[in-house]
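[1] Next comes the sequence, and after it the predicted model I'd like to discuss.
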Amino acid sequence: MKILAAHVEKKFRQEWVVRSFSYEFKSGQSYALTGPNGSGKSTLLRILAQYSLPTKGNVNFLLEDHSSIDSDQCHSLVAYAAPYVELIEEFTLVELLSFLIQLKALPAQLSLESFQKYIELQPDKNKFIKNYSSGMRQKIKLGIALLANKPFLFFDEPTTNLDEKAKNWFYQKIKEQNNSLIIIASNEASEINLCQHRISILDFK
Ligand SMILES: Nc1ncnc2c1ncn2[C@@H]1O[C@H](COP(=O)(O)OP(=O)(O)OP(=O)(O)O)[C@@H](O)[C@H]1O
């Protein structure tokens, strides 16, 4: 599968945040989207994930034969983790996993124990998500995205709030994702170096 961005532009009021961004992203490849603070990385990442619309241009998810995937199916192909995408804070971890399984955002057979094993954390399962530390919440978000079995993985500053051990856990998990199309918006050298391709948003201003 592919993501094809063609002449994507985004304007907020009078401010052009993205200018003429065209790129072809391919499955099995990983891409770092880089640029200084405020340059539009998060804005572009949301547009590429089809979470928000560009002002001009378009983004298409394509099959190998170049046919377009219907826009109503696109959301089911995306896993997206970012510090600004909140978990449901009033749920316990058990409730959250069960809710995401019902939504088909996680595999039906995923148990609490296998999730805890995967994220290498055993948070108190009866605690509300809002009472976990910010690093624990971030690791839970990453675990959910990585275990979702989606072909397109989007991460915005993924190792925010993570300690060294958790960062290394994430780097290892990304290296194991051989078939996915991964896009990471970041300025962290260690996150950029995880990716095979580097795209500077300033080249599209
Ligand atoms: N909903 C919005 N309404 C108005 N302006 C916005 C909106 N979202 C983003 N912006 C503006 O777009 C510009 C780019 O923001 P964006 O968050 O995409 O940058 P970024 O490169 O991800 O920044 P950072 O590295 O600080 O996370 C900023 O000037 C921001 O204020």
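    Arrived safely, thanks for sending.
[2] what does the chain put close to the ligand?
    Phe12, Val17, Gly35, Asn37, Gly38, Ser39, Gly40, Lys41, Ser42, Thr43 (C-beta under 6 Å from any ligand atom). The C-beta positions use only the backbone N, C-alpha and C, and glycine is treated the same way.
[3] Using the three-state scheme, assign the residue nearest to the last one when sequence neighbours are not counted.
    Meaning Thr43. Nearest residue to Thr43 in three dimensions, chain neighbours excluded: Val17, at 5.0 Å (C-beta to C-beta, 6 or more residues apart in numbering). Recorded secondary structure, Val17: strand (DSSP: H, G, I helix; E, B strand; the rest coil).
[4] ok, now which ones touch Val17?
    When contacts are counted by C-beta atoms under 8 Å, 6 or more residues apart in numbering, Val17 touches Lys10, Lys11, Gly40, Thr43, Leu44.
[5] so how far is Phe152 from the first one?
    Summarising the geometry, the distance separating Lys10 from Phe152, computed by C-beta to C-beta, to the nearest Å, is 19 Å.
[6] okay, the residues of the chain next to the ligand in JSON lines with pLDDT next?
    Compiled in JSON lines, the residues of the chain next to the ligand are given as follows (pLDDT from 0 to 100):
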{"residue": "Phe12", "pLDDT": "94"}
{"residue": "Val17", "pLDDT": "93"}
{"residue": "Gly35", "pLDDT": "95"}
{"residue": "Asn37", "pLDDT": "94"}
{"residue": "Gly38", "pLDDT": "93"}
{"residue": "Ser39", "pLDDT": "93"}
{"residue": "Gly40", "pLDDT": "95"}
{"residue": "Lys41", "pLDDT": "96"}
{"residue": "Ser42", "pLDDT": "97"}
{"residue": "Thr43", "pLDDT": "96"}
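[7] Pull out the buried members of the residues you listed.
    Buried members of the residues of the chain next to the ligand, counted by 16 or more other C-beta atoms under 10 Å: Val17, Gly35, Ser39, Gly40, Lys41, Ser42, Thr43.
[8] ok, the second one - contacts?
    Each residue near Gly35 by C-beta under 8 Å, 6+ apart is listed here: Lys41, Asn187, Ser200, Ile201, Leu202.
[9] If you drop the residues flanking it in sequence, what lies closest to the fourth one?
    With sequence-adjacent residues excluded and distances taken as C-beta to C-beta, 6+ apart, Ile201 is closest to Gly35, at 3.6 Å.
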